[in-house]
Every structure is written in structure tokens, then in C-alpha cells.
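1. Let's see this in three dimensions:
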Amino acid sequence: MCPHRLVLEHVTSRWGVLVLIQLLDRPYRFSELRRAISGIGGRGVSEKMLTQTLQTLERDGLVHRDAKPVIPPRVDYSLTELGREAAEQVRALAQWTQRRMDDVLDARRAYDEAREIQSRASSHS
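-> Take a look at the predicted model:
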């Protein structure tokens, strides 16, 4: 797989999108980030999936992990400059989707109706 395609998958994955958009606001601790994106994404994200998502985004240079040597351990996640740029692009796409959802739903209905008519016509032939 091409490296740029892999990064695109990381950035546009279900949890990648939500993590990036949420971190645009401010840094988050792991548990509060998990709560915040679970509220947005409907079904909650598992600890394992969030950990994997954060590690992947950190490896790609998009997320910064700041582990503080205190007890109990405190780890904050924030966006790097590269991550902020990617997150702004992802947020713009998410906002476009919200603005144009009615048009998408209209297109789906028109498509489904045309397929139904076509299906009926071919079954009667």
C-alpha cells in the first residue's frame, strides 16, 4: 500500500477523524478524550481502539503524547503542527457533510427509486 494512502486511512478512519477534530479544541487526557469522542461517535470507543488510534496518529507525527512522571501517571494528548493542519482539513470535510446532508439524502432517494423502477421493469420482462 502506498504510504500516502495509509496516512489518509489513519486520518479518515472512524476514530482518527473524531480524535483529530476533538484535539483541535485543546489537549486532552486519555480518559476525557475517550468520553468526549464516545459521545460524538455514538457507540463508545474501546480503550484498546483509542490507544491504537493515538499511537498510529503519534507515529504519523500528528499527535503529541506528553507523559508526566507523576503518581498517578498523567498523559496528555495534543496535536502537532502537522496534526492541526490535518485536523482542520478533516473538520472542513465534516462540516461540508453536515451542510450537504439533505442533498446526499435526496440523491440516495432518487438513486433507490430509479433502481427500484429498473428492478421492477426487468422482472416483468
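
2. For burial, what's the neighbour tally of Leu8?
-> Counted with other CB atoms under 10 Å, residues neighbouring Leu8 total 13. For every residue, glycine as well, the C-beta is placed using N, CA and C.

3. And the contacts of the host helix or strand of it?
-> If you go by DSSP states H and E, Leu8 is part of helix 3-12. Applying CB atoms under 8 Å, 6 or more residues apart in numbering, the external contacts of helix 3-12 come out as 16-17, 20, 56-57, 60, 62, 86, 90.

4. Tabulate those (CSV), appending pLDDT and distance to Pro73.
-> Below are the contacts of helix 3-12 laid out as CSV (pLDDT from 0 to 100; distance: CB to CB, whole Å):
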residue, pLDDT, distance to Pro73
Gly16, 96, 24
Val17, 95, 27
Leu20, 97, 24
Thr56, 97, 21
Leu57, 98, 20
Asp60, 97, 24
Leu62, 98, 22
Ala86, 97, 27
Val90, 95, 29
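
5. Show me these that map onto helices.
-> Among those, DSSP state H puts 16-17, 20, 56-57, 86, 90 in helices.

6. from those, which two are the most distant?
-> Thr56 and Val90 (14.5 Å; CB to CB).

7. Return a selection command, for use in PyMOL, containing the buried ones of the ones in helices among the contacts of helix 3-12.
-> PyMOL command restricting the ones in helices among the contacts of helix 3-12 to the buried ones, with burial defined by 16 or more other CB atoms under 10 Å:
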select buried, resi 16+17+20+56+57+86+90
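
8. Thank you kindly, that will do.
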